[in-house]
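In: below are the sequence and a predicted model; questions follow.
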Amino acid sequence: MKHEQVVPDYVMMLESSITVLALVACGWLLFKLVSACFWFPQYMKNLEVEAEKAQAHLENKLLPKDAPTSQESEIKESPTDSEILQRNSTNVEEKMLQDETVKEKSTDEKKKDK
């Protein structure tokens, strides 16, 4: 048998190893994306439930049972449009009366000065 010499092709070895690593990375990414499609909705649902529990716990701890919530108090405190219009009209009337009295006083003072 004849002695044969093996000449390794380093470029081909490097290229094939990079290709195999790229395929493994793509497979890992595909697995993560597919698993996220199934796991993520349940994870978000659990997060929402935990947030609601924490909010209910804080509301019970900070507010007494018979106290109105912040939304209810905002609704009760906010004036209606008719109340705003009535206030504005009375404010305008009061200002007009004040202006008239100031004018009368100033004319009275001018008459006294003459």
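Out: Alright, I've got the coordinates. Numbering: from 1, shown residues only.
In: after the helix or strand of the chain with the lowest mean pLDDT comes which helix or strand?
Out: Confidence across the helices and strands of the chain bottoms out at helix 70-77, with a mean of 59, counting by mean pLDDT, DSSP states H and E. Using DSSP states H and E, the helix or strand that follows helix 70-77 towards the C-terminus is helix 81-113.
In: show me what the mean pLDDT comes to for the lengthiest helix in the chain.
Out: In the chain, with assignment by DSSP state H, the single longest helix is helix 10-62. Mean pLDDT, taken over the full extent of helix 10-62, equals 92.
In: quick one: stretch 29-38 to chain centroid distance?
Out: Put simply, stretch 29-38 sits 28 Å off its chain's centre (Cα atoms, centre = their mean, to the nearest Å).
In: what of stretch 89-109?
Out: Relative to the mean C-alpha coordinate of its chain, stretch 89-109 is positioned 49 Å out (Cα atoms, centre = their mean).
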